[in-house]
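**Student:** Curious how this folds, go ahead:
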Amino acid sequence: MNLRLDWCDHKTAKWSVEHWHYSGCMPSGKTVKIGVWENGLFIGCIIYALGANASLSKYNGLKTAELARVALKQHETPVTKIISISIKMLRKLCPNLEQLISYADTDRHEGIIYKAGNWKFEAKVVAKWKKVNGVVMHPRSIYAKYGTHDINWLRKNIDPNACAVETKGKNRFIYDLRQKHKSNVAGFHSAKGGAVPTLTHQKSVKEQ
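**Tutor:** The predicted structure follows:
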């Protein structure tokens, strides 16, 4: 199995999220986008959000980024390995980061990939989600897509049946970037200027 991770552009990441992530929308704010290839075929991306939420940039007093999307089609490589390599890339790009945070939507999964990847469970968070056009979405995802998550505006302009919904909440996980990690990054080849795979054929860029 030939695994390759490389930087990808916004258009590619957005396409991956819309096709292979249950939220269907990109996170708001500044992001780091990492494409993933298996045997030369593009299989999706990992997206980290930097400063999308003001409280995250200094969560618990530490410089923090959020693992916001794991948007992958069917693949063979364990997700924990893909995330592990992406973290090494992120640490190299943003050496001042001290920790990562991520949320597992318990309506969909419990966060097994985080537990297997040595992330620390911190708390269960109850979020006030909304249902728009039949899709249950986090307020941040709604804001990123429509520019607001005001329920009255959504009912008037998007979906007259938009409503608030109760969810099982999210499990919040923390990954401490200050701890020592092995530097084995086999499978990572960085292409100068970023990778832009051809979406129609899902081909990898040429490795350097």
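**Student:** which residue packs closest to the most centrally placed residue in the chain, ignoring adjacent ones?
**Tutor:** Central residue of the chain (C-alpha atoms, centre = their mean): residue 69, 1.7 Å from the mean position. What sits nearest to residue 69 in space, not counting adjacent residues and going by C-beta to C-beta, 6 or more residues apart in numbering, is residue 47, at 4.0 Å. (C-beta placed from N, C-alpha, C; glycine too.)
**Student:** And for residue 18?
**Tutor:** According to C-beta to C-beta, 6+ apart, the nearest residue to residue 18 is residue 24 (5.6 Å).
**Student:** residue contacts, the one you found?
**Tutor:** With contact set as C-beta atoms under 8 Å, 6 or more residues apart in numbering, residue 24 has these partners: 17-18, 135.
**Student:** what does residue 19 give?
**Tutor:** Residue 19 is in contact with 71, 73, counting by C-beta under 8 Å, 6+ apart.
**Student:** Tell me which helix or strand comes right after the helix or strand hosting it.
**Tutor:** Taking DSSP states H and E as the definition, residue 19 sits inside helix 10-20. Following helix 10-20 in sequence order, the next helix or strand is strand 30-38 (DSSP H and E).
**Student:** Which elements pack onto that following strand?
**Tutor:** On a contact count with 3 or more C-beta pairs under 8 Å, 6 or more residues apart in numbering; DSSP states H and E, strand 30-38 meets strand 3-7, helix 10-20, strand 41-50, strand 62-72, helix 79-93.
**Student:** most packed of the ones you listed?
**Tutor:** The highest mean neighbour count among the helices and strands packed on strand 30-38, using mean count of other C-beta atoms under 10 Å, belongs to strand 41-50: a mean of 24.
**Student:** Pull up the gap between the residue lying closest to residue 162 once chain neighbours are set aside and residue 147, please.
**Tutor:** Among residues not flanking residue 162 along the chain, residue 154 sits closest, at 4.1 Å (C-beta to C-beta, 6+ apart). Separation of residue 154 from residue 147 (C-beta to C-beta, to the nearest Å): 11 Å.
**Student:** again, but for residue 76
**Tutor:** Separation of residue 76 from residue 147 (C-beta to C-beta): 39 Å.
**Student:** Let me see the domain layout of this protein.
**Tutor:** 1-124+172-208, 128-166 (automatic domain parsing).
**Student:** Would you point to the one among those that's packed deepest?
**Tutor:** domain 1-124+172-208 (a mean of 17).
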